[in-house]
Structure formats: structure tokens, C-alpha cells
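Colleague: Show me how the following folds:
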Amino acid sequence: MADGLAKRVIETVGFVGVVGSLIFVGLEVRQNSVAIQAATNASVAEAFHEQNMMLASSPELAAALARNVESPESGSIEDVIQILGAWRGAFHIWSNAHRQHLDGTLHPAIFASVVQEISTYATKSSDDSADNPVTWRKRQMRWAWENERFIYNPDFQAFVDETIGFDN
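Modeller: Numbers count the residues shown, from 1 in each chain. A predicted model of the protein is given here:
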């Protein structure tokens, strides 16, 4: 009888140990998921920061953008390279954010801001004059997307096409 009791005690202790281990592993997995999402969010934010700093600190790019407000496709080859490069940088950031969103590692609020930024270039505004920065960004973004969309994966192409109402 003592052997049976000892066996039950050992089994119970083993069972409690297994349950405790599973709880610990579950908490570690959850903590790891939170850490991954935080790192992803920080990475996307840093990419936006770098893109904005590049745009704000490049006199050559600013000049290329300003010279080609009406028709970016008719700029010099140097201007076209500058403008397409800037937009390609934005598309890559958006593409990465889109992929992270699909994978569930990007906070929904950050992805919502990406969608808002992209969709800004799809809507008509009350002031679509050439000197309105949103107007020329719309024109340049659509032109750049038309020229560069082939670089990106089909999921992202479909997402941007739908968001901006692009018919290819």
C-alpha cells in the first residue's frame, strides 16, 4: 500500500511539473510574440524616419521633385532616377509593413497609418491645384507605381492597386 501511495505522489508531482512547464512555455511564447511585434513596429517606424530624413535632407531630390511637379516622366534622366528612387523607398517600406501585417507582427494602428498614407494619394481633394503638395505627390506616386509596381510581390501589388484605384 505504501508503494501505491508513493507511486501516486510521484505521478502527481510529475503531472504538476508537466503542467507547470507548459504554462511556463506558454508565457515565454507570448512574451516572445510581444517582443517580436515591438521589434517589427520599431523597425517600420525607423524605416519611415530614415525615408523622411532622406527626403528632407537631399537638395538634389527636392529640386528634382520641384522641377517635375506636372509631369515626372518628362524630367531629365537624373531627375527620373531621383524621383523613382524616392518612391521605390516608400513602396519598399509599405511593402514590408504590408507583409508584417499579413504575418500578424505589425500593430494594427501602424498598418492603418500606412493604409492612410497610401490612400491619401488616391482621393480627390477640394484643392487639386498643381501647387498643392498632395496633388503633385499623387501624380508622382501614381507615375512611379505604374513604372515600379512589377518589382513587388503580387499580394502587395493587389493591395496598392485596390487602395489607390489603380487600373493596370
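Colleague: Past the longest helix seen in the chain, which element shows up next along the chain?
Modeller: In the chain, ranked by residue count with DSSP state H as the criterion, the top helix is helix 2-57. Per DSSP states H and E, the first helix or strand lying C-terminal to helix 2-57 is helix 59-67.
Colleague: how big is the angle separating the helix or strand just after that following helix from helix 59-67?
Modeller: Counting by DSSP H and E, the next helix or strand C-terminal to helix 59-67 is helix 77-103. Orientation of helix 77-103 against helix 59-67 (axes from the mean of the first three to the mean of the last three C-alpha atoms, to 10 degrees) gives an angle of 100 degrees.
Colleague: Can you list the helices and strands that helix 77-103 packs against?
Modeller: Counting contacts by 3 or more C-beta pairs under 8 Å, 6 or more residues apart in numbering; DSSP states H and E, helix 77-103 is packed against helix 2-57, helix 59-67, helix 108-120, helix 133-148, helix 154-164. (Each C-beta comes from the backbone N, C-alpha and C, glycine too.)
Colleague: I'd like the mean pLDDT over the second one, please.
Modeller: To tie it back to what came earlier, the one meant is helix 59-67. Helix 59-67 shows a mean pLDDT of 90.
Colleague: Check which residues of it are buried.
Modeller: Buried residues in helix 59-67, counted by 16 or more other C-beta atoms under 10 Å: 61, 64-65.
Colleague: which one of those is nearest Gly89?
Modeller: The shortest gap between Gly89 and any of the buried residues of helix 59-67 belongs to Leu61, at 10.4 Å (C-beta to C-beta).
Colleague: any idea how far that closest one lies from Gln82?
Modeller: For Leu61, the distance to Gln82 equals 5 Å [C-beta to C-beta, to the nearest Å].
Colleague: what does Met54 give?
Modeller: For Met54, the distance to Gln82 - C-beta to C-beta - is 11 Å.
Colleague: residue ranges with poor pLDDT in this structure?
Modeller: Applying pLDDT under 70 to the chain picks out residues 1-2, 29, 122-131, 133, 168.
Colleague: center of it - which residue?
Modeller: Centroid-nearest residue in the chain: Ala97, 1.7 Å away (criterion: C-alpha atoms, centre = their mean).
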